[in-house]
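Peer 1: predicted model and sequence follow; I will ask about them next.
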Amino acid sequence: MTLSSAQSSAAGTLYVVATPIGNLDDITARALRVLREVSLIAAEDTRHSARLMQHFGIGTPLAACHEHNEREQGSHFIARLLSGADVALISDAGTPLISDPGYHLVRNARAAGIQVVPVPGPSALITALSAAGLPSDRFIFEGFLPAKTAGRRARLEQVKEEPRTLIFYEAPHRILECLEDMQLVFGGERLALLARELTKTFETLKGLPLSELATWVAADPNQQRGECVVLVAGWPAPEGEEALSVEALRVLDLLLQDLPLKRAAALAAEITGVRKNLLYQAALDRQKDV
Ligand code: SAM
């Protein structure tokens, strides 16, 4: 079977291929086959990926597709695909497009009617979540937080009352300040987990309340090295109260800017489908906080 046998058009297929996040044994058999058989591999960093290809004895040509050239270079890949070549998109590690380049290429390929086929494999956020022991039925991925304190705290404030498990990527040199800001905004009691160097030699998963986790990381410089994912338990609804979604609270806050409390709660209930009493109580609580 050729890679593009399922296609009716003469165009090639764009394969979005996940690669390991540390342990090379995590590459899938299908990923290896696709990387071997395509005409071209669009890679975030060709030198980095050349080492991966060498390890697996893959000789397919590599071409750069990173965030700085993705838009211009994208048309080159689209042209190759339209001329019938199969192309694989990879990033330095994990799943392309997940805090990695590739979005513009995938969007443009789909817009051009090119078949886009995902070849799944590792991603740090799912790897961390799978072993965190935090609720995994519903979660949100926030990617990287802003690098500066004010922006980071503002973003954390936005998700402070989010009931779903929160997942963040963070650079090692900012991990301590990130945990300290989380402690400040979410409160030190909130359960969190630091997943560091996943699938690698010094893999560490440490789950503790935020205040203890920050102290633990501060005390050991080794915990401020390598790659890390931070997971934080969702906002625990106050006793006896259902959790209001961030979206419901956003709608309520917007309406409260222009309407009396009762009317804002009633309208927010109509818009969001959440019980009016619950929104009314939340509006009262918000007034108390002012
Ligand atoms: N595309 C990748 C994915 O699917 O996970 C993510 C790429 S993003 C540029 C890199 C960030 O992912 C790192 O800063 C870290 O937060 C997280 N990450 C990647 N590999 C990791 C690992 N082995 N252990 C922990 N976190 C990792």
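Peer 2: Sure thing, it's come through.
Peer 1: residue of the stretch 51-200 of the chain closest to the ligand, please.
Peer 2: Closest to the ligand within the stretch 51-200 of the chain is residue 94: 2.5 Å, counting by CB to the nearest ligand atom. C-beta here means a position set from N, CA and C on the backbone, and glycine is covered the same way.
Peer 1: for that residue, name its beta-bridge partners.
Peer 2: residue 19 (DSSP bridges).
Peer 1: that one touches residue 22, doesn't it?
Peer 2: No - between residue 94 and residue 22 there is no contact under CB atoms under 8 Å: 9.4 Å.
Peer 1: quick check, residue 65 in contact with residue 42.
Peer 2: Yes - counting by CB under 8 Å, residue 65 does reach residue 42; the two are 3.7 Å apart.
Peer 1: before we move on, the earlier item: out of residue 94 and residue 22, which sits in the busier spot?
Peer 2: A direct count of neighbours by other CB atoms under 10 Å for residue 94 and residue 22 places residue 94 higher, at 25 against 20.
Peer 1: residues in contact with that one?
Peer 2: 18, 19, 20, 21, 100, 121, 122, 123, 124 (CB atoms under 8 Å, 6 or more residues apart in numbering).
Peer 1: those: which ones sit near the ligand?
Peer 2: Among those, proximity to the ligand is found for 21, 100, 123, 124 (CB under 6 Å from any ligand atom).
Peer 1: now render those as TSV, adding pLDDT, secondary structure and neighbour count.
Peer 2: Output for the ones next to the ligand among the contacts of residue 94, formatted as TSV (pLDDT from 0 to 100; DSSP: H, G, I helix; E, B strand; the rest coil; neighbours: other CB atoms under 10 Å):
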residue	pLDDT	secondary structure	neighbour count
21	98	coil	22
100	96	coil	18
123	98	coil	21
124	98	helix	22
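Peer 1: just the residues you listed now: which is nearest residue 273?
Peer 2: Residue 273 has its nearest neighbour among these in residue 123, at 32.0 Å by CB to CB.
Peer 1: can you tell me the closest non-neighbouring residue to that closest one?
Peer 2: In space, residue 123 comes closest to residue 95 once its chain neighbours are excluded; the distance is 4.2 Å by CB to CB, 6 or more residues apart in numbering.
Peer 1: tell me how far the one you found lies from residue 44.
Peer 2: From residue 95 over to residue 44 the distance is 12 Å, taken as CB to CB, to the nearest Å.
Peer 1: quick one: the strands in the stretch 151-290 of the chain?
Peer 2: Shown for the stretch 151-290 of the chain, the strands assigned by DSSP state E, counting those that start in this stretch span residues 165-170, 191-196, 204-209, 228-232.
Peer 1: make a markdown table from those strands and add mean neighbour count and mean pLDDT to it.
Peer 2: What follows is these, written out as a markdown table (neighbours: other CB atoms under 10 Å; pLDDT from 0 to 100):
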| stretch | mean neighbour count | mean pLDDT |
| --- | --- | --- |
| strand 165-170 | 22 | 98 |
| strand 191-196 | 23 | 98 |
| strand 204-209 | 16 | 98 |
| strand 228-232 | 24 | 98 |
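Peer 1: including distance to the ligand, could these go into JSON lines?
Peer 2: Below are the strands of the stretch 151-290 of the chain laid out as JSON lines (distance: least, CB to the nearest ligand atom, whole Å):
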{"stretch": "strand 165-170", "distance to the ligand": "3"}
{"stretch": "strand 191-196", "distance to the ligand": "6"}
{"stretch": "strand 204-209", "distance to the ligand": "9"}
{"stretch": "strand 228-232", "distance to the ligand": "5"}
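Peer 1: same list (those strands) but as a markdown table, adding distance to residue 256.
Peer 2: Below are the strands of the stretch 151-290 of the chain laid out as a markdown table (distance: least, CB to CB, whole Å):
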| stretch | distance to residue 256 |
| --- | --- |
| strand 165-170 | 25 |
| strand 191-196 | 31 |
| strand 204-209 | 32 |
| strand 228-232 | 27 |
